Every structure is written in structure tokens, then in C-alpha cells.
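Undergrad: Predicted coordinates and the sequence they were generated for:
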Amino acid sequence: MYLGNVTIKQSTTVSQSIIGNFISSNRTDLIVVKGASKLELIQIENSSNQIKYEILISLETFSHIRRIEKMKDTYTQKDNIVVLSDSGKLIILEVDIDKKKFIRTTQEIYGKSGCRRITPGEYLAIDNKSRAIMIGGIEKEKFVYIFKELNNNIILNDNLEENKNININNINDINRKIISSPLEVFTPQHICYDIIALEVGYSNPIFVSMEVKYNNMQDWASNNYEFNKENQYQKKIILFQVEIKNNYVIKLLEHPIDNTAYSLFPINYEKKNEISQSKFLLGNFIIFCKGFFYLFQVKENKINKVETYFFENDKNNNQNPIIIINKAIYFNQ
């Protein structure tokens, strides 16, 4: 017996999208999530002053895709797709343009099925050097996965006793990398608003989360008194550093921020040293608030507030402040 599925009316709403080099290192394509369950690879061409697009690969996952991001493969220089869904699994997909398919290279179970507030999967951040991944839930739980180089000669040629414990399902194309067991980064009684990864070059990866603590919420509700500024809960950013060699995560520091903050955005750029003309990377990020945003800099395990920018005609407009819902970065060469 064979079961078939036919969708009468296809979904056209794009809920998420990422751009990257999914087919080759010198070609840019688009991955979109339509509805909440359909993945599509779209090729965009600009010819004869007309922009055309073609759907190369389409996959119905029959799940609720919570988050997607791209991850650079250091060997092929192509981008893979990291997918988090309500299945409770972390999936890494690779594009096989010859077979017109998404090939699953990694599958790691991290939680129960469904979209729960404490189950990671709502937030996803990937180190720019593809060395570590942090996934987080709305409340409490976060996991960090470290990707390590794998010597395929040990597995293929030598029958060492220690290699029997290696899980082949977690190997991202045996010649490349292997994913580690999850490292737990729990912050009980905290609500998470966003998670990002900073550009730190080849130093240990740093992740930033925006959170607020609510441990006195039950006491506040039971006392039945009005909410005032003294009882206002303070939002903060927490920096986590991943020790690649020692395989653990430490909390670097916490820093209070404005309570109207709602989103984080990393800024990855290079700056020249005037003396040696060498380039070095700085860990900078923006915190978006209602009507303005902060620019922060992380250097030598310290966080510095660089400057505050107000949106035009929004300094004195407290009733209807501007709220940014999407952002992108462009470098003027």
C-alpha cells in the first residue's frame, strides 16, 4: 500500500528567509520557508533589466519550522541550512543540485516534540566560523553544540576501540566535522527575548542573549499592589563564551539595558590598525529599543556602550515610538 499527499492550494506566505551560497561558493541563492512547513530553494537572476526567479528545489517537511539559519562549510565553502522544528531535532541540510534534493547530513535530538516555552528551538545563533551553535527556548533552557574536525582515517582505516562510541548519524559528511554532545546553559526564571553570535575572529565564540528575570512575579501577584517603577523588572544582556578546547561554556558578564529593548543585531566588520595596517575583527552589536538603539562593543571580556542613536523626529515622541521589525547590514566598499 502506498500513501500519497496532494496539496490543493499551496502556501504563498513567506515566514522566514536566508540568503547564501547553497549551490556553489561563487553563487548566491535564496532559501525561504513558506507557511510554516515548506522549504524552497530559489534562484534569482537579473537579465535584460528584469529580475527573474526560479524554484529549484521544494520540500514539504510536514512540520512546524521554528527557525532556520545558514552555516558555512569550511571545506566546500558552501552554506548548509540549520533547521529547528517542532520535531525536537536539530537538522543540518545540504543542497544536492544534481538530485534536486535537500540532503540531511546531521540530526541531533535536543528535546520533546511540540513548541513548548522551555524547549529550545525558538532561538538559533551560529558562530561565523561555524564552530559552535546555540539554541534556546523562550524560558530557561539553552544548548550549545560544538563542531570539531574529524580525522576520517581513524574511522576508515583503523579499528580502534575508542571509535566504536562515535555516532555515525552525527557526522556531517564523514570527511568534515562531528557535532558534540549538547552543553547545557540554563538560566532558571529568565525569559529570553533574543540570541545572537558575535564576530570574534578565531577567538572563543561569544553568544549574547537578552533576558529578564521574573523570580518575584508570584510574590508581586500575591501582594496585590499596583505596578510601579520600583518593582519594574530590569532587562539585561548576558554574554556566554564557549571554550572550544576545554568543551564547556562560561558566563562572562551581565549588563543592564533599557526595558524597552526587544531585539539584538550583530555588526561584523573589519577595521585597519593605523600603525601596522593589519585588520582585526571587533565584536559589536546593536540593541534596538522603542525610538532609539544602542551600539555596544565587546573587547577584552568587557562591554562598552559606544553611542546612542535616536530615530529622526522620535526624540520627543513618547506616544508612538518607532519600532524596527527587520534589519540588514550593507558595507560601502
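TA: The structure has been received and is ready for your questions.
Undergrad: can I assume residue 113 is in contact with residue 64?
TA: No - look at residue 113 against residue 64 with CB atoms under 8 Å: they stay out of range, at 9.9 Å. Bear in mind the C-beta positions are built from the backbone N, C-alpha and C, glycine included.
Undergrad: intersection of neighbour lists for the two?
TA: Taking CB atoms under 8 Å, 6 or more residues apart in numbering as the criterion, residue 113 and residue 64 both touch residue 86.
Undergrad: which residues does residue 140 bridge with?
TA: Per DSSP bridges, the residues bridged to residue 140 are residue 187.
Undergrad: Also residue 144?
TA: In beta-bridge terms (that is, DSSP bridges), residue 144 pairs with residue 134, residue 183.
Undergrad: Spit out the contact partners of it.
TA: 132, 133, 134, 182, 183, 185, 207, 240, 242, 249.
Undergrad: Same question for residue 42.
TA: 29, 30, 31, 32, 53, 54, 55, 56.
Undergrad: Going by neighbour count, which of those residues comes out on top?
TA: residue 31 (24 neighbours; other CB atoms under 10 Å).
Undergrad: which non-adjacent residue is nearest that one?
TA: residue 18 (5.0 Å; CB to CB, 6 or more residues apart in numbering).
Undergrad: right, and that neighbour touches residue 68 too?
TA: Yes - with contact defined as CB under 8 Å, residue 18 counts as touching residue 68 (6.0 Å).
Undergrad: higher neighbour count, those two?
TA: residue 68 (21 against 16).
Undergrad: these two touch, right, that one and residue 31?
TA: Yes - contact criterion CB under 8 Å: residue 68 and residue 31 qualify, at 6.8 Å.
Undergrad: overlap in contacts of the two?
TA: 18, 39, 81.
Undergrad: Could you find the closest non-adjacent residue to the last one?
TA: Put plainly, it is residue 81. Using CB to CB, 6+ apart, the nearest residue to residue 81 is residue 93, at 4.4 Å.
Undergrad: joint contacts of residue 18 and residue 68?
TA: The contact lists of residue 18 and residue 68 share 31, 81, where a contact means CB under 8 Å, 6+ apart.
Undergrad: So what's the residue count around residue 208?
TA: Quick note: residue 208 (other CB under 10 Å) scores 25 neighbours.
Undergrad: Can you classify it by secondary structure?
TA: strand (DSSP: H, G, I helix; E, B strand; the rest coil).
Undergrad: quick one: pLDDT of it?
TA: Confidence at residue 208, expressed as pLDDT, is 94.
Undergrad: any idea how far residue 240 is from it?
TA: 8 Å (CB to CB, to the nearest Å).
Undergrad: Equivalent analysis for residue 186, please.
TA: Residue 186 is 11 Å from residue 240, by CB to CB.
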